[in-house]
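Peer 1: sequence unknown, structure follows:
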């Protein structure tokens, strides 16, 4: 476990990398003893800094929610990051690619909570009862670590590699859609580039949201009414380049688009 001094130093590095758009060397290469607790504390240092500067938490994202990603990272559970209000991007406003280091997009079924979730004892039934709607979404991910050469502690420290999100217009009540069987197709500049299904997320995205509610409770955080939760991607992550136009279509859930300048 790292000292508080080292945690602050690494948080400073990540903050500078995000500000200057210059990646840093992997944390785990320089601090092989860094663990998950260290990583979440580093993430929280920078989140608290942003909140102190006026940012607002509007939800959370779950990462490493597919078995393949967990096996690649050598872990047996997902990770999570924070969604802040100033991370939201919009369908009708092109994103400036230069704001990011190596941006990528992921296709996700977003959850919008209409009620607070329990903490340590949250169940999948609680999630379904509290969810007011599903929404089509794209998460914009980025890494402040050079060349995406990340280990588990790197991505957790780096807000689970989250950088932005966009929601499409559609809202569908949970009782009107089988959350485990939503086919998704992502096109880039009109060409199909990725396809997937919502059950790629732990077999059921609701499981990911319940896990998240339990996990954040250990840090004194609760998922509240109005929060947005991104449970994990239906497809592989796709690089975003200057001029790219993405369109994600979800069976029964509408679509969402995102353009990069």
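Peer 2: The structure has been received and is ready for your questions. Small disclaimer: the values here were computed from a predicted structure and weren't measured.
Peer 1: hey, let's count contacts and neighbours off CA atoms from now on
Peer 2: Will do.
Peer 1: Strands along the chain, start to end?
Peer 2: 57-63, 79-84, 104-113, 131-141, 162-167, 183-188, 191-197, 228-230, 238-239, 245-250, 254-259 (DSSP state E).
Peer 1: can you count the residues close to residue 241?
Peer 2: Close neighbours of residue 241, defined as other CA atoms under 10 Å, add up to 15.
Peer 1: Give me the pLDDT value at it.
Peer 2: According to the prediction, residue 241 has pLDDT 96.
Peer 1: So which of the strands of the chain is nearest residue 37?
Peer 2: Nearest to residue 37 among these is strand 79-84; the distance by CA to CA comes to 11.5 Å.
Peer 1: Sheet partners, orientation included, of that closest one?
Peer 2: strand 57-63 (antiparallel) (DSSP bridges).
Peer 1: residues making contact with the strand it pairs with?
Peer 2: With CA atoms under 8 Å, 6 or more residues apart in numbering as the test, strand 57-63 has contacts from 51, 78-85, 160, 162, 208-209, 212, 223, 226-232.
Peer 1: Mind doing that once more with 6 Å?
Peer 2: For strand 57-63, contacts defined as CA atoms under 6 Å, 6 or more residues apart in numbering pick out 78-85, 227-232.
Peer 1: again with stretch 138-158
Peer 2: So stretch 138-158 is in contact with 17, 23-27, 36, 39-40, 42-43, 102-108, 161-166, going by CA under 6 Å, 6+ apart.
Peer 1: Give the ranges of residues in this protein that sit below the confidence cut-off.
Peer 2: By pLDDT under 70, the low-scoring segments of the chain are 67-76.
Peer 1: Can you tell me which residue is spatially central in it?
Peer 2: Closest to where the C-alpha atoms of the chain average out (CA atoms, centre = their mean) is residue 61, at 3.5 Å.
Peer 1: Which residue is the nearest non-sequential neighbour of it?
Peer 2: In space, and not counting its chain neighbours, residue 61 is closest to residue 230: 4.5 Å by CA to CA, 6 or more residues apart in numbering.
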